[in-house]
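Colleague: Build me a structure from this.
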Amino acid sequence: MKKIVYILLLLIILIAIIYQSNMMKLIPYYNQINQQRVPLTLNQQPSSQADAHFVGSAKCVECHDENHKSWSHSRHPKMIQDLVKNPSVVVADFSKLPNDANFALKDAIYSVGGKFKQRFMMRKDINGSEDYILGNYQWNVQTQKWQGFKPWKYWYKDAYPHANEELPTSRACDGCHFSGFMSKEKRVESGIACESCHGPASKHIADPKSKVYIASLSDPVRQNEVCLQCHMRNRDIRLKDQNISEIYGDARDYPFGYEAGKSLSKYKLVAPFVLGQETKEFYANGMGKKNRMQGNEFVHSIKAKHGITCINCHDPHTLEPTAEKNSGNTLCMKCHSFGSPIGPHQSSLEKHTKHKADSTGSLCVECHMPKVGKHTGKSPITVRTHSFGFVTPKETLAYKMPKETNACYACHKEGTNEHRDMKTLQNDLESWGMIGWDKR
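Modeller: All right, here's what the predicted structure looks like:
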């Protein structure tokens, strides 16, 4: 009898160890996801930053060399680049610039972007203040072609004259692309630099004991706001109680006045979306049609609702993993490994995906972050969703989304060796038992 008891105890201990080993993976996130939420309207910026000013990242490198080095190699500091200082950053082919372009390379002072598209800024002061306008053509890096660009065609189409020469970048681009401009209307530094995420650092530079905002110490919702200040499409906050005609000529495409740690909800009105209604920015299921909509999608995801944040997946300084530096399944499997309480609940990758382990169909991002958006209207669909749910072929058709946005069809579309139509793909999922009644 004693022998049986000992065996049972050993089995219980063994089961506990196995269970605990899987739970261990969640321990680093336990405090984060169980943290008490603070009000969205609470100002979390250190009081010492209230009257501080922006100093530029060159001051930060003196003490934060490693973080500065990592950041300097990321895309953030390259979102606005000075063409006079560094003409090599031009990726556009100006020998192909159309004859009706309102600019030439010699006129451009700054470039905007360069990874997916590149736009060019020309100096045009307004009321004696330094300002710029955007060229009427942009270079599509993905298609290697120039295409017409009319910034007033976006949400502020009723807030500005329909001419590039009349829409200043100080109202459209500079808040997100120049450090310091969003709150102080001063172009302290080109690109997204340290103080864009940590707030003005003049007092911290003078006395390191004087703190700057550190997002990772905030609750998950407020932590994400640092990223959402730019990675969530918005409307001018004044439109809550004014109409567009009342802010004509001054509408902003960024949360004017915001600094890291402040309440973003006081400065940003989120782009409107109603489930089931398609807009120029959203499909009817809430997935984004464009770039820079990670936040619009993410805040509705189960990850965000459970307290997961942007920097749980992206290094805040290197930004990795990125599209061109994807870590495969490694990142996802840190939490979602086999045997984990949060799945997958099958015993192997092939049983979970119904695809070979080394195939595209077994990559987490291909099913849970399919490509649904475009960087421009003429770009290929390459922007991955951050909603993390799985959209079935039937849903894709119901929401009238392009078939290519469906994770299954993206691999099995016409012209491929394993082409299947949407109905067959839907039937496959149902035969595998991968669809519940709510997804039929």
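
Colleague: and the most centrally placed residue in the chain, what does it touch?
Modeller: By CA atoms, centre = their mean, the chain has its centre lying nearest to Q294, at 3.8 Å. Residues in contact with Q294 (CB atoms under 8 Å, 6 or more residues apart in numbering) are C227, H231, M232, G288, C310, H386. Quick note: C-beta positions are derived from backbone N, CA and C, even for glycine.

Colleague: out of those residues, who has the most neighbours?
Modeller: In terms of neighbours by other CB atoms under 10 Å, the contacts of Q294 top out with G288 at 26 neighbours.

Colleague: Quick check: closest non-adjacent residue to it.
Modeller: Spatial nearest neighbour of G288, chain neighbours left out: G373 (5.0 Å); criterion: CB to CB, 6 or more residues apart in numbering.

Colleague: and the one you found, helix, strand or coil?
Modeller: strand (DSSP: H, G, I helix; E, B strand; the rest coil).

Colleague: how about the strands in the stretch 1-150 of the chain?
Modeller: 80-82, 108-113, 117-123, 132-134, 137-140, 145-148 (DSSP state E, counting those that start in this stretch).

Colleague: pLDDT below threshold where in the stretch 151-300 of the chain?
Modeller: Within the stretch 151-300 of the chain, no stretch has pLDDT under 70.

Colleague: mind listing the strands for it?
Modeller: 178-179, 189-190, 234-236, 268-270.

Colleague: Partner strands of the second one, with direction?
Modeller: Taking DSSP bridges as the criterion, strand 189-190 pairs within the sheet with strand 178-179 (antiparallel).

Colleague: in the stretch 301-440 of the chain, which spans are strands?
Modeller: In the stretch 301-440 of the chain, the strands defined using DSSP E, counting those that start in this stretch lie at 371-374, 381-384.

Colleague: As CSV, those with distance to I133 and mean neighbour count would be great.
Modeller: Shown next, in CSV, are these (distance: least, CB to CB, whole Å; neighbours: other CB atoms under 10 Å):
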stretch, distance to I133, mean neighbour count
strand 371-374, 24, 22
strand 381-384, 26, 18
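
Colleague: between those strands, which one is nearest to C411?
Modeller: Evaluated over the strands of the stretch 301-440 of the chain, closeness to C411 peaks at strand 371-374, with 11.3 Å, by CB to CB.

Colleague: what residues are up against H352?
Modeller: F338, P344, Q346.

Colleague: Is the first one in contact with E350, as I believe?
Modeller: No: F338 lies out of contact with E350 (CB atoms under 8 Å); the separation is 11.2 Å.

Colleague: so K117 touches V141, yeah?
Modeller: Yes: using CB under 8 Å, K117 is in contact with V141, at 5.8 Å.

Colleague: The two: which has the busier surroundings?
Modeller: Using other CB under 10 Å as the criterion, K117 and V141 rank with K117 on top: 22 against 18.

Colleague: State the distance from that one to Q36.
Modeller: Taking CB to CB, to the nearest Å as the measure, K117 falls 42 Å from Q36.

Colleague: And for A58?
Modeller: 38 Å.

Colleague: contacting residues around the residue nearest to H300 when sequence neighbours are not counted?
Modeller: Excluding its sequence neighbours, the residue lying closest to H300 (CB to CB, 6+ apart) is G286, at 5.9 Å. Applying CB under 8 Å, 6+ apart, we find G286 in contact with F273, L275, N296, E297, H300, S387.

Colleague: go on, G343?
Modeller: By CB under 8 Å, 6+ apart, the residues touching G343 are H336.

Colleague: my guess is K439 contacts E395, does it?
Modeller: Yes: contact criterion CB under 8 Å: K439 and E395 qualify, at 7.2 Å.

Colleague: With neighbour numbers in mind, choose between the two.
Modeller: The neighbour count for K439 versus E395, taken as other CB under 10 Å, is higher for E395 (18 against 15).
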